[in-house]
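Novice: Here's my sequence, what's the structure:
(one chain, ligands or ions: 2)
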Amino acid sequence: MLSTIFYNIFYSMSNSGKKLRFKITVIGDGRVGKTSLIKKFTRGTFETDYVETIGAQFSKFDKEIDEDHVRLLFWDIAGQRDLDFLRPSFYRQSDAAIIVYSLEENTLGRNSFKHIQNWHEDIKRFCGNIPIMLFANKIDLIDMDNLDHSEIREIVNEHYFLGYYITSAKTGQGVHEAFDAIIEKLYYKSQAI
Ligand SMILES: Nc1nc2c(ncn2[C@@H]2O[C@H](COP(=O)(O)OP(=O)(O)OP(=O)(O)O)[C@@H](O)[C@H]2O)c(=O)[nH]1
Ligand SMILES: [Mg+2]
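Specialist: Numbers count the residues shown, from 1 in each chain. Ligands and ions are numbered 1, 2, ... in the order given. Predicted structure coming up:
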């Protein structure tokens, strides 16, 4: 009896946290790995086959921070631009955004880097000045020693992004650190209000 009372007191204390919800929109060129990164973070899986995202799809992810329940809604937006007219409705009420580009040394990789500013303009236009993190993905495809951090830092500073993370949806390198950084940023920002 006494133990039940103690359990309930403890349980209600440990569940007294707030419930928070954040929408995080993930954008960037087609094939850079947006869907793969979200899958790796939320489910721990990776698939080599490419399945193009049509329009948008969203994934839920729950996390406890300081006894609060944080629900993340990741909006994974198609990078192919044929459904451009739909994009503004997907962006609506985003609390933060992740811009992904690919480090692979080919046209896809180089274009995805060049297009960071277009994606930024897009999100600014529909969401204003929300926090943005840059993910440089597919590090497993290049030699880490060839990575030019100054070039990435320059773009981060120029656009006032929160920062950047080097990731691989394939090996998992940097994936949890990168997502946790933006989630914690949103969480602590909401606590400061
Ligand atoms: N080697 C390697 N391949 C990756 C990585 N991330 C994604 N891929 C592969 O790249 C391809 C495209 O990945 P997706 O996650 O579908 O790309 P996306 O950005 O969602 O593309 P869209 O839906 O068209 O916008 C797939 O074949 C993935 O397996 C990575 O970090 N390393
Ligand atoms: Mg996709």
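
Novice: quick one, what contacts the spatially most central residue of the chain?
Specialist: In the chain, the residue lying closest to the centroid (Cα atoms, centre = their mean) is Ile98, at 4.4 Å. By Cβ atoms under 8 Å, 6 or more residues apart in numbering, Ile98 lies in contact with 24-28, 132-135, 178, 182. C-beta coordinates here come from the backbone N, C-alpha and C atoms, glycine included.

Novice: Can you tell me which of the residues you listed is nearest Arg87?
Specialist: Nearest to Arg87 among these is Ile27, at 8.5 Å by Cβ to Cβ.

Novice: just to revisit the earlier point, so what's the residue lying closest to the residue nearest to the centre of the chain once chain neighbours are set aside scoring on pLDDT?
Specialist: Residue nearest to Ile98 in three dimensions, not counting chain neighbours: Val26, with 4.7 Å by Cβ to Cβ, 6 or more residues apart in numbering. For Val26, the pLDDT comes out at 98.

Novice: Kindly confirm my reading that Val26 is in a helix.
Specialist: No. According to DSSP: H, G, I helix; E, B strand; the rest coil, Val26 belongs to no helix; its state is strand.

Novice: Quick one: neighbours of it, just the number.
Specialist: 28 (other Cβ atoms under 10 Å).

Novice: which residue packs closest to Arg87, ignoring adjacent ones?
Specialist: Closest to Arg87 by Cβ to Cβ, 6+ apart is Ile77, at 6.5 Å.

Novice: what separates that neighbour from Lys23, distance-wise?
Specialist: Distance of Ile77 to Lys23, computed by Cβ to Cβ, to the nearest Å: 12 Å.

Novice: and those two? which has more neighbours close in?
Specialist: Comparing Ile77 with Lys23 by other Cβ under 10 Å, the one with more neighbours is Ile77, at 25 against 21.

Novice: where's that one relative to ligand 2, distance?
Specialist: Relative to ligand 2, Ile77 is positioned 8 Å away (Cβ to the ion, to the nearest Å).

Novice: Now do the contacts for that residue.
Specialist: Contacts of Ile77 (Cβ under 8 Å, 6+ apart): 25-27, 34, 53, 56, 87, 90-91.

Novice: Let me know the distance separating Asp49 from Leu147.
Specialist: On the measure of Cβ to Cβ, Asp49 and Leu147 end up 27 Å apart.
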